[in-house]
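Asker: Test case, fold it:
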Amino acid sequence: MPHDQYNLTEIPLGRLRRRRSAKWTTFPDDVLPAFVAEMDFPLARPVKDALVEAVELDDTGYANPAASHLADSFAGFAARRFGWEVDPGQVTATSDVVGGLRALLDLVTGPLEGVVVTPPVYFPFFSIVPEVGAELIEVPVAPDGKLDLEGIAARFQAGARAMILCSPHNPTGAVPSRSELEQLAEMAAEADAWILADEIHAPLTLPGVTHTPFLDVSDAARECGICVTSASKTFNIAGLGCAVIVTASQRAARIVSRLPAGATHCGHFGVIASIAAFERGEDWLDQVVARLDANRHLLKDLLDEYLPDTVYRPPQAGYLAWIDAGELGLGIDPSALILEKAGVAVSGGPRFGSGGSGHFRLNIGTSPELIESAVRSIAGIA
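Answerer: The predicted structure follows:
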């Protein structure tokens, strides 16, 4: 049977504006939204079919991830996609990655104990750390997204109890190397610190690099690491509420076993969609990865032509482009003027912490036409 072919280049704007998600309802219709991490592509056919079947069966009750074999589905996907052998018995459902990370922080840190984050980084990290009473410690990444291993080691040696590892990194799109992760694991193990690995963008790693799951790099990583990930960003199903927490040691599994019941709840439709994605969505995923690969290079060409004073390194993973607009004269947070004068909604760099000044994040998980429209509109005010 031939594979489904998806039209990922011609996405009618009128159809997109009929969506009721945050991306398409936060701003008026004269604004082109390119901020929140939602893609504009059509859903994978197996995911859509699974959700339609559930609606037709009036199957809208509570989730039962164990009976639905979510853990087995994820383990199969991890083996095929990353060569990562996951024990389904060490996979636990949760509602979303941020919620899972917050619940884990509650268990691995005490009051005022340090948690390392690597800005500019996904901004919810800046709220969940103080919410659990821990101290937020920033160790900025290099401009190319590489980890400052010496800086992290110093913080561990000074008593930091945990680190949130964003791998692949958001917003830079950098993918840590196996060597970086091996060194990180050794440092954390030596300091008896935990690495909580957010790997939500991992399946969207683009050609030229390889994503290495943190729990797969060494025995030290398995002892000190816990992974939280989801099909949500990859398959555009964030609104359905399902993620997984993965461990690879009895020590880590004991931590997860202490999670409160509320932290292991997830959405029934999220489970259904995730299983369909993990088991039958890879043909769609391959096509999306190819489209994103083309889009990141298209953006480079457009910026070179229309906004040559910007600095942009094409992401190694995902559909979020991190752009240094410091030379455009748009201020510390370019997103404000870009919204007001260009009619394009982007994410402001300062929200991502240290290193975000003068930057903005642009969502390129859309058609080439809308990427060009966004760039040309921004160029009109620069």
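Asker: quick one: low-confidence parts of this protein?
Answerer: 1-2 (pLDDT under 70).
Asker: Map the structural domains onto the sequence of it.
Answerer: The record assigns the chain these domain ranges, following automatic domain parsing: 13-43+282-379, 49-280.
Asker: Grab the nearest non-local neighbour of residue 267.
Answerer: Take residue 267 and drop its neighbours on the chain: the residue closest to it by CB to CB, 6 or more residues apart in numbering is residue 241, 3.2 Å away. For glycine as for every other residue, the C-beta is placed from the backbone atoms N, C-alpha and C.
Asker: So which elements touch the longest helix seen in the chain?
Answerer: Using DSSP state H to define each element, the chain has its longest helix at helix 282-306. Using 3 or more CB pairs under 8 Å, 6 or more residues apart in numbering; DSSP states H and E as the contact test, the elements touching helix 282-306 are helix 45-56, helix 70-82, helix 232-235, strand 311-312, strand 320-324, helix 368-379.
Asker: Ok, which of these comes nearest residue 160?
Answerer: Taking CB to CB, strand 320-324 is the member of these nearest to residue 160, at 25.5 Å.
Asker: Could you list the paired strands of the closest one along with their orientation?
Answerer: Strand partners for strand 320-324, identified by DSSP bridges, are recorded as strand 311-312 (antiparallel), strand 359-363 (antiparallel).
Asker: As CSV, those with mean neighbour count would be great.
Answerer: Listed next are the strands paired with strand 320-324 as CSV, based on neighbours: other CB atoms under 10 Å:
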stretch, mean neighbour count
strand 311-312, 16
strand 359-363, 27
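Asker: nearest to residue 110, of these?
Answerer: For residue 110, the closest of the strands paired with strand 320-324 is strand 359-363, at 33.2 Å, according to CB to CB.
Asker: Other residues contacting the closest one?
Answerer: Defining contact as CB atoms under 8 Å, 6 or more residues apart in numbering, one finds that strand 359-363 is touched by 33-39, 120, 171, 299, 319-326, 333-335, 338, 346-349, 352, 374.
Asker: Give the buried subset of these as a PyMOL selection command.
Answerer: Of these, the buried ones go into a single PyMOL selection, burial set by 16 or more other CB atoms under 10 Å:
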select buried, resi 33+34+35+37+38+39+120+171+299+319+320+321+322+323+324+325+326+333+334+335+338+346+347+348+349+352+374
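Asker: Next, count neighbours for the closest residue to residue 174 other than its chain neighbours.
Answerer: Excluding the flanking residues, the one nearest residue 174 by CB to CB, 6+ apart is residue 145, at 2.4 Å. Counted with other CB atoms under 10 Å, the neighbours of residue 145 add up to 23.
Asker: same deal with the one 5 residues further on?
Answerer: Neighbouring residues of residue 150 were enumerated by other CB under 10 Å; the total is 11.
Asker: part of a helix, is it?
Answerer: Yes: under DSSP: H, G, I helix; E, B strand; the rest coil, residue 150 sits within a helix.
Asker: State the distance from it to residue 180.
Answerer: In this view, residue 150 and residue 180 are 12 Å apart by CB to CB, to the nearest Å.
Asker: ok, now residue 271?
Answerer: 33 Å.
Asker: Comparing those two, which residue is more hemmed in?
Answerer: Taking neighbours as other CB under 10 Å, residue 271 and residue 180 compare with residue 271 leading, 24 against 17.
Asker: In which helix or strand does that one reside?
Answerer: Taking DSSP states H and E as the criterion, residue 271 maps to helix 268-280.
Asker: what residues does stretch 337-344 touch?
Answerer: 27, 30-32, 34, 330-331, 345-346, 360, 374, 377-378, 380-381.
Asker: by contact count, what packs against whichever strand or helix holds residue 227?
Answerer: Here residue 227 sits within strand 225-229, counting by DSSP H and E. Under the contact definition 3+ CB pairs under 8 Å, 6+ apart, strand 225-229 sits against helix 97-108, strand 194-198, strand 243-246, helix 250-257.
Asker: List the strands paired with the second one, with their directions.
Answerer: Counting by DSSP bridges, the strands paired with strand 194-198 are strand 162-166 (parallel), strand 225-229 (parallel).
Asker: Which of these has the highest mean neighbour count?
Answerer: strand 225-229 (a mean of 28; mean count of other CB atoms under 10 Å).
Asker: quick check: angle from that one to helix 97-108?
Answerer: 160 degrees (axes from the mean of the first three to the mean of the last three CA atoms, to 10 degrees).
Asker: Would you pull up how far strand 225-229 lies from the middle of the chain?
Answerer: For strand 225-229, the separation from the chain centroid amounts to 13 Å (computed by CA atoms, centre = their mean, to the nearest Å).
Asker: Just the C-alpha atoms of that strand, please, in CSV.
Answerer: Taking C-alpha atoms only, strand 225-229 is exported to CSV below (Å, rounded to 0.1, in the frame of the first residue of the first chain):
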residue,chain,number,x,y,z
GLY,A,225,18.7,10.8,34.8
ILE,A,226,14.9,10.9,34.3
CYS,A,227,13.5,11.7,30.9
VAL,A,228,10.2,13.5,30.2
THR,A,229,8.9,13.6,26.7
